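In: Sequence below, structure please.
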Amino acid sequence: MTSSPTEKQRLGDLALLRRVRDRIDREYAQPLDVEALARGVNVSAGHLSRQFRLAYGESPYSFLMTRRIERAMALLRRGDLSVTEVCFAVGCSSLGTFSTRFTELVGMPPSVYRNGVAHGDVGMPPCVAKQVSRPIRNREAPAVAPQIV
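Out: As a prediction, this is how the structure comes out:
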């Protein structure tokens, strides 16, 4: 069975995109930007962004920030680090940007998550806790109504 040149090219492009995703997963705490990711696979930043969005439904930057927020949620659940320490530990350089993106994806600020919600998974296996606490992409998180006590 022979593949057409366009099929081989498509598979090659998907392999490059997978390398980019793997790099984001490995180096999420490092200073990464789309230009650096594109240089790593020898394509332009614009081409990488377009192809990544076509393949995965979101931009490389959005994917990176989602990974950082997932890691931040795990660190906040541990409870031994402050929100600022978590922000820098996951590779964010701005506490404001981190808090805004966290709130967009999780539906509440990181301090609220750390102080209350994060401890709701006590006794739950880590693999289950990770799945049920996964952030929602594309600003789909429901807004949390303030609780009056």
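In: Low-confidence regions, this structure specifically.
Out: For the chain, the stretches with pLDDT under 70 are 1-5, 117-149.
In: make it 90
Out: Applying pLDDT under 90 to the chain flags residues 1-13, 78-79, 115-149.
In: three-state assignment of Leu32?
Out: Per DSSP: H, G, I helix; E, B strand; the rest coil, the secondary structure class of Leu32 is coil.
In: Now it. Nearest residue, chain neighbours left out?
Out: Using C-beta to C-beta, 6 or more residues apart in numbering and skipping residues adjacent in sequence, the residue nearest Leu32 is Leu64, 5.9 Å away. For glycine as for every other residue, the C-beta is placed from the backbone atoms N, C-alpha and C.
In: Please export the C-alpha coordinates of the host helix or strand of that neighbour as PDB.
Out: Assigned by DSSP states H and E, Leu64 belongs to helix 60-78. C-alpha atoms of helix 60-78 as PDB (Å, rounded to 0.1, in the frame of the first residue of the first chain):
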ATOM      1  CA  PRO A  60       0.100  26.600  21.200                       C
ATOM      2  CA  TYR A  61       0.000  29.400  23.700                       C
ATOM      3  CA  SER A  62      -3.500  28.400  25.000                       C
ATOM      4  CA  PHE A  63      -2.300  24.800  25.200                       C
ATOM      5  CA  LEU A  64       0.700  25.900  27.200                       C
ATOM      6  CA  MET A  65      -1.300  28.000  29.600                       C
ATOM      7  CA  THR A  66      -3.800  25.200  30.100                       C
ATOM      8  CA  ARG A  67      -0.900  22.800  31.000                       C
ATOM      9  CA  ARG A  68       0.500  25.400  33.400                       C
ATOM     10  CA  ILE A  69      -2.900  25.800  35.100                       C
ATOM     11  CA  GLU A  70      -3.300  22.000  35.400                       C
ATOM     12  CA  ARG A  71       0.100  21.800  37.100                       C
ATOM     13  CA  ALA A  72      -0.800  24.800  39.300                       C
ATOM     14  CA  MET A  73      -4.000  23.100  40.400                       C
ATOM     15  CA  ALA A  74      -2.000  20.100  41.500                       C
ATOM     16  CA  LEU A  75       0.400  22.300  43.500                       C
ATOM     17  CA  LEU A  76      -2.400  24.200  45.100                       C
ATOM     18  CA  ARG A  77      -4.100  21.000  46.100                       C
ATOM     19  CA  ARG A  78      -1.000  20.100  48.000                       C
END
